[in-house]
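Undergrad: Here's a sequence, model it:
(4 chains)
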Amino acid sequence: MNTLILRETTRVLFTLILVFSVATLLRGHDAPGGGFVGGLIASIACSLYVFVADPKDVRRLVRTDPLKTAAAGLSLAVLSGLIGILSGGGTFLSGQWVEIGGVKLGTPLLFDFGVYLVVVGAVLTFVLEIKEPAPEPPARGDK
Amino acid sequence: MAALGIPTARVPVLLRAAVALPAALFAWFCSLVPHVSSGGSLYWEIGWIPQQGIALSFFVDGLSLLFALLITGIGTLIVLYASEYMLGQPQLLRFTAFLLAFMLSMLGLVLADNLIALFIFWELTALTSFLLIGYKHEDAAARRAALQALLVTGVGALAMLAGFVLLGETAGTYSLRELLAGDASLAGASHYPWILALVLAGAFTKSAQYPLHFWLPNAMAAPTPVSAYLHSATMVKAGVFLLARMSPVLGGTEAWSVTLVGFGAVTAVYAALASVTRTDLKQVLAYTTVMALGTCVMFLGLPGEAAGTVHPAAVVAATAFILVHALYKAALFMVVGMIERATGSRDLARHGGLRHVLGPAFAGAALAGVSMAGLPPFIGFVGKELLYSSAYESGFGGFALFAIFAASALVVTSALMVAVLPFFGEMKQSARDAHAVCWQLWIGPVVLGLLGLVAGVATGPVFRALVLPAAAAIAPLPEHFEPGLWHGFSALMLLSLATWAVGALVFWKRPSILSWPAARLDRLPVTGDRVYDATLDGIARFSAALTRRMQSGIQRRYILVVFATLALSVGATLVAKDAIHLPSRVPSVTFGEWALVAVIAASVLTVILTRSRLLAICALGVVGTAISLVFLLRGAPDVALTQLIVETLVVVIVAIVLLKLPDFRNEIRQPLSARWRDGAVAVAVGAATTLVLLAVTERPPQLELTEYFESMAVPGGRGHNIVNVILVDFRALDTLGEISVLVLAAAAVCALMRRRFRYRFDRVQRLQRGHAARSSRARVSREGA
Amino acid sequence: MSWLLAAAIVLPLACGILGLLLRPHRAMQQAVSLVAGIAHLGIATSLLVTVWREGILVVQVGGWPAPFGITLVADHLSAAMVLITSVMGAATIVYALCDIDERALVKDFHPPLQALIGAVCGAFLTGDIFNLYVWFEVMLIASLALLISGGRKAQLDGAVRYAALSLVATTLFLSGIGLLYGMTGTLNMADLHLRVQQVENQGLLSVVAILFIVAFGIKAAVFPLFFWLPASYHTPKVAVSAIFAGLLTKVGVYSMIRVFTLIFTHDVGYTHGILLWTAGLTMVTGVLGAASHNELRRILSFHIISQIGYMVLGLALFTPLALVGAVFYILHHIIVKANLFFVAGAAERLSGSSDLKTLGGVYREQPLLAALFFVPAFSLAGFPPLSGFWAKLLVIKASVESQQYWIAAVALAVGLLTMYSMTKIWVNGIWKARPASAEKPPPLSRANRALLLGPIICLAAMTLAIGLWPGPLYDLAERAGHEVMDPSNYVEAVLGRSETAALGAGAGVGE
Amino acid sequence: METVIAVLVGVLMASSVYLMLRRNLVRFVLGLALISHTANLLIFSSGGLQARFPPLITPGELVPGPDVANALPQALMLTAIVISFSVFAFLLVLAFRTYQRLETVDPDSMRSAEPMAAGAGVDGSVSGGPQ
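TA: All right, here's what the predicted structure looks like:
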């Protein structure tokens, strides 16, 4: 009963923190924040959730393997770097900017989003791996 | 061999076909004789590292041509011999390849012009002979002998390399032609003693000079064709060749003469004595080989009349003796191989009357043995006469003459032992069991023996074609030199007679005369062999002891050494370079800052001292939080925020993990001395860090980069948070690396915590992907509730 | 062609990520890795060719001019190191197709391997000292991931040692960077070259230099900081050991060469004097350690240390020829040492053991393997005309030229002991008959045998080729060595001519 | 402030070294956690500690105001913090797994990689050994 309430509360809190973390990410280029901080905040939310819920549930909730999320984030960062080369003239990781409806969008922001994903994915992996029940020592492979 | 796709049955054919190579080379070198003997030379060069004066270059003069002819000529006979001798043995293809490779290396050695190239071929002969000596590789003795030969000659070779490099440094060239062409002698150079010592070390080990000779008799573990080729005619002569080659450059000084004559004489006499005390035929021959090498070394060292020269006649004698020895020794080795092949034994005591069954072998042995004993009209006689006359004339007259007389007399005994003992006397069991041998086996000894006779009869032409051009490459020829069999009666003639008499006497009274030295020689307290074993053993034990101490397997000790090294080196440099700069005035610090520092210090102490895990973890969190406050106070909100969250995560993760580990209650208390020692190292490291940091922060920082970032952040990076712009734009590559670290760490953690159910989870995911998403979501909610 | 620089780093990194995303498809991961390895080989080759033809290649990442942004620089040394890295990478990938084929291991092997290759290339190509630190960390974590994959007890134990000491090294490195930044206000190495000359407290510069010696010394495994190497290198899968043995310590040596030719040249007598002693002691302790062991990989691990001594010696002598020798040595040694580890693994698979006590009969049963051991082993021992001979000769010649006779003597003596050690393996492991107690391993399939021996054959062929025809590699090493000895070209290429002149003039230093 | 930070860095360094030398994997891990702070503080104070304002540019401006903190060391530290966090997390798990597999937290008894036979005689001559 107790855990149920806690779990529901956490669920709400989780969503709130997640939104906050995205906000931190987005404004990071101009104010304190950015991919790291945003990602870390999001991962705090996830850790919180891992603590109150069964790690298995968290895995099902996030649906993807968090490690793959991290990898996807990293590929996003690499891609944003490649745009610099592909768009001609630039070198790897050189910033390319477009302005859509007064909102400036650029590869550095894409890069920062990649950072965000990596941080979330990686930290969630750490926490989940540690929190899940201790694995049996492998039966084979030892001589 | 099967692995190389060559059917085993074809191998003997290949082995026989291999004769073509040395034979062709021999013919080619023969064709060069007229050109070279009239004073010409040839030269080829392939660039290698021209910038350092290193080239693969060859040249042919009298000396190298003499050796090349011996190598290819005897090589032809040996390969022919081996093609029969080795039949039925395993790994014949490899054997043949190594034998030919050896021959080519040896050729390269004697033809090389560049000293580095010479060294390379020198080592190649060592390497190929290593493989050949170890042919019976499943026999421990053969393995030991091979390794011993390689290592002993290897020591010398490396010394020689150092000598060559030093020589090249001093003379400015590695090219022998250039060295020999100019006014070559380096006797006055400041490094001369070192160069001489190092080069001699190479020559003496290769040519088995006492006390470094021991590897050669042991190397008799090789198949007989190998012994006949390597350890009589070719490889062991490499040292002698080198001395001859370097004689114009390094020779003639007092140090040269004393060393060469000293080592050579001792080697010759010792080896001759040792040879007559052996009963294994190959050992007898091996020691006479050592004797011959000693003789050559001694005569290359004999000083001439003028200061700083070598003795011209002695050089001619040494050169002639090289030819003489190669002819008879290869023949006798092949004879011994034949005896072994026919009877299965090379023990003198087990043979007798073999002349009845091994007629051709006896013929070869007789021809070669007579030459070895120095009887006319064989070339051995001419060689010995030259040795006697030049020893008599030279500066070391009495000593050299006595040494060569004693050695020659004993060699007469050895010759009788090898050429007479097994063939005469009553037929023993071995002779009755012996089976006949085919022509490939006996053709070699007979041809070589006959050559000895022919060369003796035609002394003049042979000398003019081969010996004198070779000697001329070493030193100026003696004036009015007329080689010949007969120089009339003289005191030297008497000496020759005495040699035969003494030799025969020793042979006659062998048991009684030789029992005393034989016993002594076997029980020498210090022999090269034992020193070799002791050295290897010592290295093994020393290295084991050292490694046990260094690589103790105790991690704390590793860390301690690393930090002690750090503290020591940084501390010493701080003091030595006078880099310490303490602040001149007491810094102004606010109360809040003091409080922060105090909190951090207290927490750190708590972490160290507490016996409670939970407290330690909390204190760790406090440290991190306090530090993030420092960042916040000094205008670093991004860092502070990140630090704070990271610290939270660290505490969380640490708490999860550490609480699964045993707590501190059962912790092993280290003794006080260990704690003091660790504390001292820790404080030293800390103090050094503080001092360095104080000195660095003494001057205000240079802000050029930061100013650029500040001015470019908005126009270039389109952001107002400079730190973030640096992270995602100015220095995005760092960030890319950093997030790679994160991803990799996550992957590594997954690998580390490999669980069985993870695989199932992966499979579940795959299945889910195949099925409708809804059903899986339903299951989640069902299980979630 | 400047995209080649970034590609050399990014391609393996991206393929590593792709590998992670493809988990757990074994065949696809292997395929991606293989393709990436081959592509990287192409990139690295064209990088070296370009540098050879056009000189130092520079990319300002993100378009920010040096010294403000991060610069990637390929001079001859870097380009050569990148090429050798990709050769090693390709060889390891092919070898691993047979050596590491259980699914559970494959998925933990290829992604970190690719990342490792990327990070090593990053370390070789970067012109920024903080960026170098970042690549060091990527390397560290990738190598740790490789080290523990499989999870045997000894692996975990070895990994703890490896991690602990490596972490100390990177922390010291980072501290050194912080201090250097505090003193000069820059991170770009070419800029540092100019600015360290303006530092007033040159003594303090020496102190920081020592800090760098210790930090890189741990990475490069020099005396007395090498403990982590023999404690861990023999524990993981052979393919992993091999690429570690070939590459990782050499990154430490490379960084040492970079930093101690470009930045810390203010007090050569002191800093390089210390390096000289370090080199001597490293050579000796390493080779003695090797003499005390019986297991192939442990012997080889200690030989790495000993050989590192020769490379550091080249740097410590600090003459053009010595640097040429050091570069030659590094390039030769990477090929040979990785190959020896491969051979040790092949011996275990084909002959049943890699311990001298139970190994045997190789010469009779596996003549090809014996020949393949012979080439790298005797090259390591410095027998001519294999590559190791030239490497040793150059270093020894440089010592004699610098009149450091004692160190030449030490180098020769250590060469002899190396020779002893290698021939001991040959005699006791290859020649000796198979001990009665040892069992013959099950035969390998043809394909697996080819995968196992293919890389070994290629690397052995390279060793032989270098040995018989050292000219080209010498030319490369000469260009690289002379380039690092005289950094003015490097600085000019990175900072641009005008800037160099301005800064140089301001400091009163004519470049 | 620089002086204080310098002393603080020294204290942190000394403590982490001391912790890493303990005969307990747990304390070793705590030492590792501490040591990463030292490098960060070191970079921070190398970049100067006089300024008090964060390196932000007011919207509409092109350059930051006076007395803003040095931005570059902050960026470096951010990078370093995250890196050391990831390495630390891995190490922690490694330590945990090692404990699980070897069933000890005493680093001296962890002898799987370098067993006694090959590496060593009696422990204690240098380390002091257990009491």
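Undergrad: Excluding sequence neighbours, find me the nearest residue to the closest residue to chain D within chain A.
TA: Closest residue of chain A to chain D, CB to the nearest CB: A:Phe126 (4.7 Å). Glycine gets a C-beta too; all of them are placed from N, C-alpha and C. Nearest non-adjacent residue to A:Phe126, counting by CB to CB, 6 or more residues apart in numbering or on different chains: D:Ala89, 4.7 Å away.
Undergrad: A:Phe92 against A:Gly84, yeah?
TA: Yes. Contact status for A:Phe92 versus A:Gly84: in contact at 5.9 Å, counting by CB atoms under 8 Å.
Undergrad: Looking at those two, which one has more neighbours?
TA: Taking other CB atoms under 10 Å in any protein chain shown, A:Phe92 and A:Gly84 do not tie; A:Phe92 has more neighbours (27 against 22).
Undergrad: check contacts around B:Ile339.
TA: B:Ile339 makes contacts with B:Leu281, B:Ser345, B:Arg346, B:His351, B:Leu354, B:Leu358, B:Ala361, B:Pro422, as judged by CB atoms under 8 Å, 6 or more residues apart in numbering or on different chains.
Undergrad: From B:Ala419, how far out is the fifth one?
TA: Looking back up the chat, that one is B:Leu354. 11 Å (CB to CB, to the nearest Å).
Undergrad: Can you give me the buried ones in stretch B:327-347?
TA: Applying a neighbour-count criterion of 16 or more other CB atoms under 10 Å in any protein chain shown, one finds B:327-343, B:345-346 buried in stretch B:327-347.
Undergrad: pull the CA atoms of it into PDB?
TA: Taking C-alpha atoms only, stretch B:327-347 is exported to PDB below (Å, rounded to 0.1, in the frame of the first residue of the first chain):
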ATOM      1  CA  LEU B 327      90.800 -29.400 -46.700                       C
ATOM      2  CA  TYR B 328      91.800 -32.100 -44.200                       C
ATOM      3  CA  LYS B 329      89.400 -31.300 -41.500                       C
ATOM      4  CA  ALA B 330      86.200 -31.500 -43.600                       C
ATOM      5  CA  ALA B 331      87.500 -34.700 -45.100                       C
ATOM      6  CA  LEU B 332      88.100 -36.300 -41.700                       C
ATOM      7  CA  PHE B 333      84.700 -35.200 -40.300                       C
ATOM      8  CA  MET B 334      83.100 -36.800 -43.300                       C
ATOM      9  CA  VAL B 335      85.100 -40.000 -42.600                       C
ATOM     10  CA  VAL B 336      83.900 -40.000 -39.100                       C
ATOM     11  CA  GLY B 337      80.400 -39.600 -40.200                       C
ATOM     12  CA  MET B 338      80.800 -42.500 -42.600                       C
ATOM     13  CA  ILE B 339      82.100 -44.700 -39.700                       C
ATOM     14  CA  GLU B 340      79.200 -43.600 -37.600                       C
ATOM     15  CA  ARG B 341      76.700 -44.200 -40.400                       C
ATOM     16  CA  ALA B 342      78.200 -47.600 -41.200                       C
ATOM     17  CA  THR B 343      78.600 -48.900 -37.600                       C
ATOM     18  CA  GLY B 344      76.400 -46.700 -35.500                       C
ATOM     19  CA  SER B 345      79.200 -45.500 -33.200                       C
ATOM     20  CA  ARG B 346      82.000 -43.000 -33.100                       C
ATOM     21  CA  ASP B 347      83.700 -44.300 -30.000                       C
END
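Undergrad: quick one, strands of chain A?
TA: Assigned by DSSP state E, the strands in chain A fall at A:97-100, A:103-106.
Undergrad: Could you dump those into TSV with mean neighbour count, mean pLDDT and distance to D:Val93 added?
TA: As requested, the strands of chain A are exported to TSV (neighbours: other CB atoms under 10 Å in any protein chain shown; pLDDT from 0 to 100; distance: least, CB to CB, whole Å):
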stretch	mean neighbour count	mean pLDDT	distance to D:Val93
strand A:97-100	10	74	40
strand A:103-106	14	75	37
